[in-house]
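Engineer: any chance you could fold what I've pasted below:
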Amino acid sequence: MVALVRKNRHILMYGKAGIPMHYHLMLTDQCNLECRYCYEKSLLDCETPSRFEYDFSAPSVFSADIENLKRFLEKDSDPVIIFYGGEPLLELKKMMDIMDCIDVPYRMQTNGLLLDKVPQEYMKRIGRILVSLDGDKERTDYNRGVAVYERVMKNIRSIQPWYHGEIVARMTVAQDCPDIFEQVTFLVKEGFQSVHWQLDAGFYGFDFDEERFGRFVEEYNRSIGRLVAFWVTALKKGTVLRLYPFVGIVSSLLHRETTRLRCGAGHAGYCITTDGRIVACPIGSFITDFVAGDLETHPEDLKKFDVSGRCLECTMRGICGGRCLYWNKANLWPKRGNELICKTVFHLVKELKDAVPAIEKMILHGEVRKEDFAHEKYFGPEIIP
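Structural biologist: Residues are numbered from 1 along each chain as shown. This is a model prediction of the structure:
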């Protein structure tokens, strides 16, 4: 076992007046993997009609002038850059050029295959890294390619002795793998104290099967119940595992706070595309409806976005925030499909609400602190899977 994150190190919480603006910086739209739920599904989905207009004219590699990027960020009182792709480390030289020129906090989302290529002095400046791992070796390699798990873990272990930031295992939960308990607890046993997961549901127009997804939801919800119990047991022993959907929601429940979109898309975070356009969400980088401005726009003047439709009337909106801007706006699944997705959110929140009295008792007795659930918002984990 390797301890990939030191307990409660580099964990920050920002007050409402001091939350930094997080910018996903798309260094390239190219990737060195062909994952089942991304590349493969994109090929299958290419003929699906869409309500959006797309602009695919942007270059594949970040081409905007770095000085323009610097001038834009200097107008923001508290910016954070998240290196993003494609696979951002395919453009390592460009990434280092940006870091040489611009002094801001850095984060990164990567598939981990090229982590060993990053010089230490640059890696140490990246305070949080989200690495794509879908669970154990069998699950990760099935989704992402032969031997990917071992290659990524080798790279993580190679930086562990000297890297003191946070490494988050970022999982995609496919519809053929509803047992989130087994996969998350495997990663915890491997040494990850920070885990995030996203359901592969509602992001393509062709992959909804009511019977199949209905079975997934029932099994997934049962597994979430087991995982909450596992997490609370760890809390009783004084260990606050940073399972981001749990930490984010429980933090809000403890502080009695409501929320907008928890990923920050279009209000607390944007994506800077390869040609310098600024859009609400990185997965909508080619969608013209999501354009908020460009590098000549003052950060305060970027267009703001919010959810619409059924989310506006939902009783869970204040704690959920709307799940995902792209999912909400694209509305690719039929009504029944979206109801089933929302069923997972209602169940997740119910399980955590049921756990809050025990957590509050632990806080009262000094076994854990309310501050232990503090987290940096908007740097990558989408809280609502």
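Engineer: hang on, R125 packs against M96?
Structural biologist: No: R125 is beyond contact range of M96, at 10.1 Å (criterion: C-beta atoms under 8 Å). The way it works is simple: take the backbone N, C-alpha and C, and place the C-beta from them, glycine included.
Engineer: any low-confidence regions in this structure?
Structural biologist: Applying pLDDT under 70 to the chain flags the ranges 1-17, 46-50.
Engineer: end to end, how far does stretch 360-376 reach?
Structural biologist: Criterion C-alpha to C-alpha, to the nearest Å; first-to-last residue distance in stretch 360-376 is 21 Å.
Engineer: what about V228, distance to P381?
Structural biologist: Separation of V228 from P381 (C-beta to C-beta, to the nearest Å): 17 Å.
Engineer: of the two, who's got more company?
Structural biologist: The neighbour comparison of V228 against P381 (other C-beta atoms under 10 Å) goes to P381, with 28 against 22.
Engineer: doesn't Y244 make contact with the more buried one?
Structural biologist: Yes: counting by C-beta under 8 Å, P381 does reach Y244; the two are 3.8 Å apart.
Engineer: can you list residues touching both of these two?
Structural biologist: V168, H196 (C-beta atoms under 8 Å, 6 or more residues apart in numbering).
Engineer: wait, a strand at L130?
Structural biologist: Yes: L130 forms part of a strand when assessed by DSSP: H, G, I helix; E, B strand; the rest coil.
Engineer: OK, contacts around it?
Structural biologist: R107, M108, Q109, T110, V168, R170, H196, G380, P381.
Engineer: who wins on neighbours among those residues?
Structural biologist: Each of the contacts of L130 was scored by neighbours using other C-beta under 10 Å; the highest score is P381's, at 28 neighbours.
Engineer: now that one. Its backbone dihedrals?
Structural biologist: Backbone torsions for P381, taken as degrees, to the nearest 10, come to phi -60, psi 130.
Engineer: so how far is E166 from it?
Structural biologist: Counting by C-beta to C-beta, the gap from P381 to E166 is 11 Å.
Engineer: likewise L325?
Structural biologist: 25 Å.
Engineer: what's the host helix or strand of H347 packed up against?
Structural biologist: Using DSSP states H and E, H347 falls within helix 335-364. Helix 335-364 sits against helix 210-236, helix 244-255, helix 317-320, with contacts defined as 3 or more C-beta pairs under 8 Å, 6 or more residues apart in numbering; DSSP states H and E.
Engineer: nearest to D65, out of these?
Structural biologist: With respect to D65, and counting by C-beta to C-beta, the nearest of those is helix 244-255 at 34.7 Å.
Engineer: how far does that closest one sit from its chain's centre?
Structural biologist: With C-alpha atoms, centre = their mean, to the nearest Å as the basis, helix 244-255 stands 15 Å off its chain's centre.
Engineer: that helix vs helix 210-236, what angle?
Structural biologist: Counting by axes from the mean of the first three to the mean of the last three C-alpha atoms, to 10 degrees, helix 244-255 lies at 60 degrees to helix 210-236.
Engineer: surely L243 touches V184?
Structural biologist: Yes: using C-beta under 8 Å, L243 is in contact with V184, at 6.7 Å.
Engineer: overlap of the contact sets of these two?
Structural biologist: V195, L227.
Engineer: pull the contacting residues for F230.
Structural biologist: Taking C-beta under 8 Å, 6+ apart, we find F230 in contact with F181, T185.
Engineer: the same query, at a cut-off of 10 Å, please.
Structural biologist: Counting by C-beta atoms under 10 Å, 6 or more residues apart in numbering, F230 makes contact with F181, V184, T185, V188, L241, L243.
Engineer: any idea how far the first one is from G264?
Structural biologist: Pointing back at F181 there. For F181, the distance to G264 equals 28 Å [C-beta to C-beta].
Engineer: quick one, which of those two is more surrounded?
Structural biologist: Comparing F181 with G264 by other C-beta under 10 Å, the one with more neighbours is G264, at 24 against 18.
Engineer: now do the helices in this protein.
Structural biologist: Applying DSSP state H to the chain gives helices spanning 41-44, 66-74, 92-101, 120-123, 137-144, 148-159, 180-189, 210-236, 244-255, 317-320, 325-330, 335-364.
Engineer: okay, those in a markdown table with distance to G269 next?
Structural biologist: Compiled in a markdown table, the helices of the chain are given as follows (distance: least, C-beta to C-beta, whole Å):
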| stretch | distance to G269 |
| --- | --- |
| helix 41-44 | 23 |
| helix 66-74 | 14 |
| helix 92-101 | 18 |
| helix 120-123 | 23 |
| helix 137-144 | 25 |
| helix 148-159 | 25 |
| helix 180-189 | 25 |
| helix 210-236 | 26 |
| helix 244-255 | 14 |
| helix 317-320 | 17 |
| helix 325-330 | 10 |
| helix 335-364 | 20 |
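Engineer: how about those, which one is nearest D289?
Structural biologist: helix 325-330 (7.2 Å).
Engineer: now do that closest one: which elements does it pack against?
Structural biologist: Where contact means 3 or more C-beta pairs under 10 Å, 6 or more residues apart in numbering; DSSP states H and E, helix 325-330 is packed against helix 335-364.
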